[in-house]
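Participant: sequence unknown, structure follows:
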């Protein structure tokens with residue numbers, strides 16, 4: 001038995017509204033930080049406040065959903081990079097993508113940290129990112145592009161350092177990545 005067309009359209013509209021809310025919230029939080037009101041998010045997404053609260057009953061639920069949505073995008077991009085022809089290039093592009101996300105979403109990261117007590121991704125998200133990083137590192141090691149002793153934890157430290165450089169405006173984050181990659185390269 002198939003779902004009637006009206007029911008499918010309703011689900012599609014609801015999903016589209018949810019995506020618009022998440023994108024609007026991410027942009028507003030990134031630009032304005034923690035002071036963004038739920039009514040501003042609804043207005044920017046083009047939905048009513050009631051629609052927003054039906055999908056996200058609390059501000060924390062919205063923030064968590066935005067953080068998870070961002071993590072899903074990062075993971076999807078990272079997975080595509082595991083297939084890069086040049087393993088060293090795949091690892092470099094992964095770190096640069098992380099830098100771009102962190103730099104573009106600086107305000108969002110602060111909002112997540114205030115609301116959830118940490119800007120660290122949830123455990124399953126963190127595990128997925130580390131698994132992808134491990135694959136990138138394994139490929140780079142196998143090609144001789146990085147030293148054999150380089151580990152996933154090394155790349156995780158680079159990402160944590162990258163986040164600190166961006167958060168504290170401590171210099172050019174792209175330069176930081178190049179210095180870090182130079183430290184990982186085979187001699």
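Facilitator: Received the coordinates, thanks. Please read all numbers here as calculations on a predicted model, not as lab measurements.

Participant: counting contacts, what elements does the least confident helix or strand in the chain by mean pLDDT pack onto?
Facilitator: Ranked by mean pLDDT, DSSP states H and E, the weakest helix or strand in the chain is helix 106-116, scoring a mean of 73. Applying 3 or more C-beta pairs under 8 Å, 6 or more residues apart in numbering; DSSP states H and E, one finds that helix 106-116 contacts helix 5-32, helix 59-81, helix 152-167. In this view, the C-beta of every residue, glycine as well, is placed from N, C-alpha and C.

Participant: Tell me which residues of that helix come out buried.
Facilitator: 106-113, 115 (16 or more other C-beta atoms under 10 Å).

Participant: Likewise for stretch 89-98?
Facilitator: So, applying 16+ other C-beta under 10 Å, buried residues of stretch 89-98: 90-98.

Participant: Out of those, give me the two with the largest separation.
Facilitator: For the buried residues of stretch 89-98, the farthest-apart pair by C-beta to C-beta is 90 and 98; their separation is 12.9 Å.

Participant: rewinding a little: now, which of the buried residues of helix 106-116 sits nearest residue 12?
Facilitator: residue 108 (26.8 Å).

Participant: didn't the closest one look like it was pressed against residue 29?
Facilitator: Yes - using C-beta atoms under 8 Å, residue 108 is in contact with residue 29, at 4.5 Å.

Participant: what number of residues lie near the nearest residue to residue 82 once chain neighbours are set aside?
Facilitator: Leaving aside its chain neighbours, residue 82 sits nearest to residue 135 (4.9 Å; criterion: C-beta to C-beta, 6 or more residues apart in numbering). Other residues within reach of residue 135, judged by other C-beta atoms under 10 Å, total 19.

Participant: now residue 70
Facilitator: When neighbours are counted by other C-beta under 10 Å, residue 70 comes out with 21.

Participant: Please tell me how far it sits from residue 76.
Facilitator: To residue 76, residue 70 is 11 Å away according to C-beta to C-beta, to the nearest Å.

Participant: repeat for residue 148
Facilitator: Taken as C-beta to C-beta, the span from residue 148 to residue 76 is 29 Å.

Participant: before we move on, what about residue 89?
Facilitator: Residue 89 is 18 Å from residue 76, by C-beta to C-beta.

Participant: Please apply the same query to residue 37.
Facilitator: For residue 37 relative to residue 76 (C-beta to C-beta), the value is 30 Å.
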